[in-house]
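In: sequence unavailable; structure follows:
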């Protein structure tokens, strides 16, 4: 749903107060085009906002959505590839999607949270007013025992104890103390910016239907620090922004950093690289998602900077240079007292071997290595030479934060 925020406020059916239903991917297996959390809005008039599969199942979903608006109930459908009928509703890519459909005015509701449809419309109205890209989260209850939707403005600092709306959503509003086993996983999901389905069973009640939540959380984007105001930096900055990074360009030479070609960076800083990195770390503005790309190719900048960067717990540290430069760089870092195991984490020479020559090609090489480094299952092999699902959630690398998209998370305590 969060990907629709830029369009929600201008969608004509919503502006006209027309009834609509929300169709959301709540489970995905195999090779599927869109992840859990992807949503599509269907108006009573048939107007559509968004897409769930690129066209494979939308027609069947629209029919189910119109049924849901007619009787005020919810629907859930599973769509997969049908070899017997290639024209049937299904995923020709071979995967399987489970779609949850809920009308925006579902009436009194089936559980303790009456008027869930109106709350869903209210939540979407709040999302429509959220600035695109800002941290935000949406928590929806999907099980038959309850319903409703709550928007959370700052998921990175969220606490269930401080949110009566979420407490009511979980059915804990009548309890004297919150059950930490039922809320801890929700808080962790929100803090990490994850998206997925949580099944939270009530402790000590065997056989009871678990509370099922669809959680979509978006925290502040990860940072990329690009050191070097040169042709390669000018190509890497826009490429990194396409991947969702907040990009800062740093160069010790003010005249070079001030060039208009770096204007698309979120920040441009004229400072000695190692001094800037140390100041950002001391201020707590770096984390395990931060990426540092050293493109200066000058030992007087590179060595003190890499010495500082390799002492931090960053997601990726890469440095440009030839293989001969890399060997000299390793010797210099060892002489500076950097431990060999830390040097082994350095991506140098930076990028994947794509035969890149131009700055634009080098930027693709670097971003390709970044994507591969986030998924330890990546083989960097052409897809035509591999087998198995193409679209799948990234595997969590050791020492890295949880991925931002999780296909399905099932938690049960008894």
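Out: Thanks, I have the structure now. This structure is a prediction, so every number in the text was calculated from the model and none was measured.
In: from here on, just use CA atoms for contacts and neighbour counts.
Out: Noted.
In: test my guess that residue 353 contacts residue 364.
Out: No. Between residue 353 and residue 364 there is no contact under C-alpha atoms under 8 Å: 10.5 Å.
In: and the nearest residue to residue 61 once chain neighbours are set aside, what element?
Out: In this structure, residue 61 finds its nearest non-sequential neighbour in residue 23, 7.4 Å apart by C-alpha to C-alpha, 6 or more residues apart in numbering. Per DSSP states H and E, residue 23 falls inside strand 20-29.
In: after that strand, which helix or strand is next? Please name it.
Out: Next helix or strand after strand 20-29 toward the C-terminus (DSSP H and E): strand 39-43.
In: and that following strand, what other elements does it pack with?
Out: With contacts defined as 3 or more C-alpha pairs under 8 Å, 6 or more residues apart in numbering; DSSP states H and E, strand 39-43 has these neighbours: strand 20-29, strand 48-49, helix 58-71.
In: any buried residues in whichever helix or strand comes after the longest one, and which?
Out: Along the chain past helix 58-71, the next helix or strand (assigned with DSSP H and E) turns out to be strand 74-80. Counting neighbours by 16 or more other C-alpha atoms under 10 Å, one finds that the buried residues in strand 74-80 are 74-76, 79-80.
In: what helices and strands are in contact with strand 74-80?
Out: Applying 3+ C-alpha pairs under 8 Å, 6+ apart, one finds that strand 74-80 makes contact with helix 58-71, strand 96-103.
In: show me what the shortest one pairs with in its sheet, parallel or antiparallel.
Out: Same thing as strand 96-103. Strand pairing for strand 96-103, using DSSP bridges, gives strand 20-29 (antiparallel), strand 74-80 (antiparallel).
In: now the shortest one and helix 58-71, what's the angle there?
Out: Read that as strand 74-80. Orientation check (axes from the mean of the first three to the mean of the last three C-alpha atoms, to 10 degrees): strand 74-80 against helix 58-71 gives 170 degrees.
In: how about the first one?
Out: Here strand 20-29 runs at an angle of 130 degrees relative to helix 58-71 (the same axes, to 10 degrees).
In: strand 20-29 to strand 39-43, inter-axis angle?
Out: Counting by the same axes, to 10 degrees, strand 20-29 lies at 150 degrees to strand 39-43.
In: and the last one, by the same measure?
Out: Between strand 74-80 and strand 39-43, the angle formed by their directions is 120 degrees, by the same axes, to 10 degrees.
In: circling back: out of residue 353 and residue 364, which sits in the more crowded spot?
Out: Taking neighbours as other C-alpha atoms under 10 Å, residue 353 and residue 364 compare with residue 364 leading, 20 against 13.
In: next, the more buried one: secondary structure please.
Out: Classification of residue 364 using DSSP: H, G, I helix; E, B strand; the rest coil returns helix.
In: ok, it to residue 371 distance?
Out: Residue 364 sits at a distance of 11 Å from residue 371 (criterion: C-alpha to C-alpha, to the nearest Å).
In: quick one: the strands in the stretch 251-400 of the chain?
Out: For the stretch 251-400 of the chain, the strands defined by DSSP state E, counting those that start in this stretch cover 267-270, 291-294, 316-319.
In: re the thing from before, what about the residue nearest to residue 61, how many residues close to it?
Out: By the measure other C-alpha under 10 Å, the count of residues near residue 23 is 30.
In: ok so, going back, so which of the helices and strands packed on strand 74-80 is the most packed in?
Out: Most buried of these, by mean neighbour count (mean count of other C-alpha atoms under 10 Å): strand 96-103, with a mean of 25.
In: residue 348 is nearest to which of the strands paired with strand 96-103?
Out: Of all the strands paired with strand 96-103, strand 20-29 sits nearest to residue 348, with 35.9 Å by C-alpha to C-alpha.
In: alright, I will stop here.
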